[in-house]
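>>> sequence first, then the predicted structure:
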Amino acid sequence: MTLPALNATLNGLSGLFLTIGWVLIKMQRTRPHIVAMCCALLTSTLFLAGYVTNHILRHGIVTRFTAQGFIRPVYFTLLISHTLLAVATVPLVILTVTPALRARYDKHRRIARWTMPIWLYVSVTGVLVYLMLYRWYPPELIAAR
């Protein structure tokens, strides 16, 4: 498995754990919610480490999205929204987890209402960006046409 594929898998798992955690807290199952959210945090952290590693190893190598037509603006819209929200996700997650660790659940709930959908969007769109860039419209196949 390549590092981008591993990163997409970790992003997907993070999204799955976030969804499970959200369902569990809606069911008032606090302990399983905590486990699911810890798994989401772990997989997201591993993703971030893999993402940074991939970019260090590929320093100077650019993967270009070469597909043409209607899909091109779709891809770049997705990529831009994903990237901007990914940058916002890190401090949001820290601001959400910190009150939970301090048993300030009122504050945790207030910020988690914003963090969860943004974090989930970033996880899901990360997988979509990977699929579009490496699987659905791989540069070597596009260039050969």
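Thanks, I have the structure now. Residues are numbered from 1 along each chain as shown.
>>> only C-alpha atoms from now on, for both contacts and neighbour counts.
Fine.
>>> and P138, what is it in contact with?
F65, T66, M132 (CA atoms under 8 Å, 6 or more residues apart in numbering).
>>> the last one: neighbour count?
Just to be clear, that refers to M132. M132 has 17 neighbouring residues, counting by other CA atoms under 10 Å.
>>> can you check F47 too?
F47, neighbours per other CA under 10 Å, totals 24.
>>> contacting residues for the residue most central in space within the chain?
Closest residue to the average C-alpha location of the chain: S123 at 2.5 Å, with CA atoms, centre = their mean. The contact partners of S123, taken as CA under 8 Å, 6+ apart, are N11, G12, S14, G15.
>>> can you pick the most crowded of those residues?
S14 (29 neighbours).
>>> could you find the closest non-adjacent residue to that residue?
In space, and not counting its chain neighbours, S14 is closest to A40: 4.4 Å by CA to CA, 6 or more residues apart in numbering.
>>> let's verify the closest residue to S44 other than its chain neighbours: helix, strand, or coil?
Using CA to CA, 6+ apart and skipping the chain neighbours, the partner closest in space to S44 is S14 (5.8 Å). Assigned with DSSP: H, G, I helix; E, B strand; the rest coil, S14 falls in the helix class.
>>> if I look at S14, how far off is G50?
14 Å (CA to CA, to the nearest Å).
>>> overlap in contacts, these two.
By CA under 8 Å, 6+ apart, no residue touches both S14 and G50.
>>> just the buried positions in stretch 55-74, please.
F65, A67 (16 or more other CA atoms under 10 Å).
>>> end-to-end on it?
24 Å.
>>> put the alpha carbons of the strand or helix carrying L10 into PDB.
Under the criterion of DSSP states H and E, L10 resides in helix 3-26. C-alpha atoms of helix 3-26 as PDB (Å, rounded to 0.1, in the frame of the first residue of the first chain):
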ATOM      1  CA  LEU A   3       1.500   6.200   1.700                       C
ATOM      2  CA  PRO A   4      -1.300   8.200   0.000                       C
ATOM      3  CA  ALA A   5      -3.500   5.100   0.100                       C
ATOM      4  CA  LEU A   6      -2.700   4.500   3.700                       C
ATOM      5  CA  ASN A   7      -3.400   8.200   4.500                       C
ATOM      6  CA  ALA A   8      -6.800   7.900   2.700                       C
ATOM      7  CA  THR A   9      -7.600   4.700   4.700                       C
ATOM      8  CA  LEU A  10      -6.700   6.500   8.000                       C
ATOM      9  CA  ASN A  11      -8.900   9.500   6.900                       C
ATOM     10  CA  GLY A  12     -11.800   7.100   6.100                       C
ATOM     11  CA  LEU A  13     -11.400   5.300   9.500                       C
ATOM     12  CA  SER A  14     -11.400   8.600  11.200                       C
ATOM     13  CA  GLY A  15     -14.700   9.500   9.500                       C
ATOM     14  CA  LEU A  16     -16.100   6.200  10.500                       C
ATOM     15  CA  PHE A  17     -15.100   6.600  14.200                       C
ATOM     16  CA  LEU A  18     -16.400  10.200  14.200                       C
ATOM     17  CA  THR A  19     -19.800   8.900  13.000                       C
ATOM     18  CA  ILE A  20     -19.900   6.100  15.500                       C
ATOM     19  CA  GLY A  21     -18.900   8.500  18.300                       C
ATOM     20  CA  TRP A  22     -21.700  10.900  17.300                       C
ATOM     21  CA  VAL A  23     -24.300   8.100  17.200                       C
ATOM     22  CA  LEU A  24     -23.100   6.800  20.600                       C
ATOM     23  CA  ILE A  25     -23.300  10.200  22.300                       C
ATOM     24  CA  LYS A  26     -26.800  10.700  20.800                       C
END
